[in-house]
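# the following comprises the amino acid sequence and a computationally predicted model.
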Amino acid sequence: MTMQIISPDGWAPPIGYSNGISVAAGRIVFIAGQVGWDSQQRFGSEELAPQFEQALRNVLDILAAAGGKPDQICRMTAYCTDKPAYLAARPELGRIWRRLIGKHYPVMTMVFVSDLLDYPAKIELEATAVVPAG
């Protein structure tokens, strides 16, 4: 499978995401929104960073169950209920990302919302990956 990062000529390089990704072939895996609870749907923390780490682990666990790897994630959308907390936590969230995924940065969108379905969720991550066929 060939994944190509797309960035138009003359654009400033994005930080922590890619502007576009093209994938030649593979099996598409769609991962539903994951919040910061464990496999038994229990939250270990009400804080943003631990919830982000658990939600990201949940995404990676589902991807692994489909035979995929973190560097095969092409797109991720994050929904967060607290913009000031997110902005304050960005350095820590970046460290969590690099520890779990490395320096692979898919196409990403961040959306701030008033609430999430599962209390006390602060962040929800959904992703799309392309896993090599076969």
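Cool, the structure landed. Bear in mind the structure is a predicted one, so any value in this text is a computation, not a measurement.

# so for the helix or strand where residue 89 lies, what's the average pLDDT?
Assigned by DSSP states H and E, residue 89 falls within helix 83-100. In this model, helix 83-100 has a mean pLDDT of 98.

# all strands of the protein, in order?
Applying DSSP state E to the chain gives strands spanning 3-6, 20-23, 27-35, 73-80, 107-112, 123-131.

# among those, which is nearest residue 92?
strand 123-131 (12.6 Å; Cβ to Cβ). Any C-beta I mention is one placed from the backbone N, CA and C, and that applies to glycine too.

# give the residue spans of this protein that score low on pLDDT.
Judged by pLDDT under 70, the chain has its weakly predicted residues at 1.

# residues in contact with stretch 108-117?
Contact with stretch 108-117 is made by 16-18, 35, 75-83, 86, 122-124, as judged by Cβ atoms under 8 Å, 6 or more residues apart in numbering.

# show the buried residues in these.
Buried subset of those (neighbour count, 16 or more other Cβ atoms under 10 Å): 18, 35, 75, 76, 78, 79, 80, 81, 86, 122, 123, 124.

# tell me what the first one is bridged to.
This points to residue 18. residue 107 (DSSP bridges).

# circling back: with respect to burial, which of the strands of the chain scores highest?
The highest mean neighbour count among the strands of the chain, using mean count of other Cβ atoms under 10 Å, belongs to strand 123-131: a mean of 22.

# contacts for it, please.
Counting by Cβ under 8 Å, 6+ apart, 1, 3, 23, 26-36, 48, 51-52, 55-56, 58-59, 63, 66-69, 72-81, 86, 106, 116 sit against strand 123-131.

# ok, now stretch 80-98?
Contacts of stretch 80-98 (Cβ under 8 Å, 6+ apart): 16, 48-49, 52-53, 56, 110-116, 121-124.

# still on that earlier bit, could I get the buried ones among the contacts of stretch 108-117 as JSON lines with distance to residue 92?
Putting these into JSON lines (distance: Cβ to Cβ, whole Å) gives the following:
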{"residue": "18", "distance to residue 92": "22"}
{"residue": "35", "distance to residue 92": "18"}
{"residue": "75", "distance to residue 92": "23"}
{"residue": "76", "distance to residue 92": "18"}
{"residue": "78", "distance to residue 92": "15"}
{"residue": "79", "distance to residue 92": "19"}
{"residue": "80", "distance to residue 92": "14"}
{"residue": "81", "distance to residue 92": "17"}
{"residue": "86", "distance to residue 92": "11"}
{"residue": "122", "distance to residue 92": "13"}
{"residue": "123", "distance to residue 92": "13"}
{"residue": "124", "distance to residue 92": "18"}
